[in-house]
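# Predicted model follows, preceded by the sequence.
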Amino acid sequence: MKKTLKRVLCLVSILAFLLSLPSTAYAAANNSDVSASIDCSFSEEENAKAVFEGLSPEAKQIFLEHISYDPALVQFHREYVDATFSPEGFLASCNTNNITSNDNDPLTIVHNGLIALGLSTAVVYAFEGIASGIVAAAVDGFLPVGDIYATIVATYAAATLALYWTTEVAPNWDGIVAVFQSAFSAMRANIAEALGLLADDARGMTNPAQSVAISGDLVIVQRSDGTIDRLRVNTRVENCYLEDNKYYVAAFINRVLMVCPINIDFGTAVAIKEANLSTVGVATYHHMLAQSVVTVNNPNGFIYHSNESHSGNPNYLPHYHPRNPNGTPKSVHIWFAF
């Protein structure tokens with residue numbers, strides 16, 4: 001009942017805002033005005049599942065092997081992700097070459113450092129998921145910033161950090177970065193930059209989007225505190241420099257794919273995906289970031305469409321659609337350039 005009331009109030013506020021637009025802006029829409037109220041508040045259980053499911057198969061193996069030595073993390077995993085998980089059975093059946101009790105092991109350094117900072121189990125779980133993903137993806141102990149960030153985004157850890165941002169994450173942020181830099185000393189600068197992007201995402205999600213609307217080329221994102229972002233989608237995608245690690249609002253206007261040249265955070269990108277509007281989506285440079293957006297809270301997977309399927313419009317980009325439960329594609333597009 002509360003969610004229904006919240007959605008109704010969000011929709012009413014959007015309609016009121018659209019009606020308050022100048023007449024020229026409203027006329028430009030020419031009956032194309034659409035809006036959607038959304039609920040991007042995920043539970044701790046949903047967040048924990050997203051962290052774990054966002055890991056690669058190898059990273060899951062590393063992660064489970066590592067948390068098996070911590071009773072608090074084992075209990076958290078059982079409560080929120082897999083009630084049948086048995087650390088004893090897991091350790092007995094797997095190859096334990098990845099994890100050792102060596103204090104110089106990156107995951108051990110991360111674990112001990114986070115515990116020393118007094119962080120909650122949920123936050124430690126999210127960060128250790130990130131660390132496991134980095135270990136699994138690193139070649140010779142090194143990754144570029146973009147790959148580190150893509151690994152982080154895949155776990156959707158920002159949602160967990162947003163829940164605890166004010167109380168424990170922000171006050172300990174410098175210590176958290178230092179812990180990761182100590183664990184992954186061969187890429188200290190890249191780790192700091194990638195974690196900085198994560199911090200931006202988590203901060204953005206402390207005030208999540210609750211509704212998305214479009215009027216003409218104006219995309220309107222209303223947040224939970226009532227503030228409104230007005231994003232003018234007025235640049236052809238081929239004329240906009242898409243930064244490697246950023247997300248942009250995109251819209252298909254008059255058969256041309258347009259973007260707003262001002263980037264948005266990951267939380268807003270997910271909210272736009274959740275709104276599921278056919279003409280408003282998200283654009284990013286790298287397909288890994290596009291996959292990260294499309295897979296969040298999406299148990300049915302996604303569908304890929306190449307730009308060849310839109311060969312009549314060379315301006316179009318390849319993109320993903322989330323799947324409906326029956327396997328058909330949802331309306332929203334998550335476009336990418338590479």
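Arrived safely, thanks for sending. All values derive from a computational prediction rather than experimental measurement. Residues are numbered from 1 along each chain as shown.

# And for stretch 48-65, what's in contact with it?
By C-beta atoms under 8 Å, 6 or more residues apart in numbering, the residues outside stretch 48-65 that reach it are 42, 76-77, 80-81, 85, 87, 90-91, 94, 96, 98-99, 107, 122, 125-126, 128-129, 132-133, 135-137, 154-157, 159-160, 292, 295-297. To be clear about C-beta, it is placed using only N, CA and C from the backbone, and glycine gets the same treatment.

# for the helix or strand harbouring Arg230, packing partners?
In this structure, Arg230 sits in strand 228-232 according to DSSP states H and E. Where contact means 3 or more C-beta pairs under 8 Å, 6 or more residues apart in numbering; DSSP states H and E, strand 228-232 is packed against strand 218-223.

# Kindly calculate the angle that the strand it packs on makes with strand 228-232.
Interaxial angle of strand 218-223 relative to strand 228-232 (axes from the mean of the first three to the mean of the last three C-alpha atoms, to 10 degrees): 160 degrees.

# hang on, the earlier thing: parallel or antiparallel, which strands does the helix or strand just after the strand holding Arg230 pair with?
Using DSSP H and E, the helix or strand that follows strand 228-232 in sequence is strand 235-236. Strand 235-236 sits in its sheet next to strand 256-259 (antiparallel), going by DSSP bridges.

# ok now the partner strand, how far from the chain's centre?
22 Å (C-alpha atoms, centre = their mean, to the nearest Å).

# Touching that strand from outside, list them.
217, 233-237, 240, 242, 248-252, 283, 313, 315-317, 335.

# Then stretch 194-205?
Contact with stretch 194-205 is made by 40, 130, 145, 148-149, 152-153, 157-159, 161-162, 165, 169, 173, 176-177, 180, 245, 265-268, as judged by C-beta under 8 Å, 6+ apart.

# which element is Leu107 on?
Counting by DSSP H and E, Leu107 is part of helix 106-116.

# Report all helices and strands that that helix contacts.
Using 3+ C-beta pairs under 8 Å, 6+ apart, helix 106-116 is in contact with helix 57-67, helix 121-137, helix 173-183.

# Can you mark which positions in that helix are buried?
Pro106, Leu107, Thr108, Ile109, Val110, His111, Gly113, Leu114 (16 or more other C-beta atoms under 10 Å).

# Report pLDDT for Ser37.
pLDDT for Ser37: 89.

# Got the phi and psi for it?
Reported as degrees, to the nearest 10, the phi and psi values for Ser37 are phi -90, psi 150.

# And it, how far from Leu107?
To Leu107, Ser37 is 41 Å away according to C-beta to C-beta, to the nearest Å.

# Next, the closest residue to Glu168 other than its chain neighbours: secondary structure please.
Among residues not flanking Glu168 along the chain, Leu119 sits closest, at 5.9 Å (C-beta to C-beta, 6 or more residues apart in numbering). Following DSSP: H, G, I helix; E, B strand; the rest coil, the label given to Leu119 is coil.

# wouldn't Leu119 be in contact with Trp173 here?
No - judged on C-beta atoms under 8 Å, Leu119 makes no contact with Trp173 at a distance of 11.0 Å.

# okay, those two: which has more neighbours?
Leu119 (21 against 17; other C-beta atoms under 10 Å).
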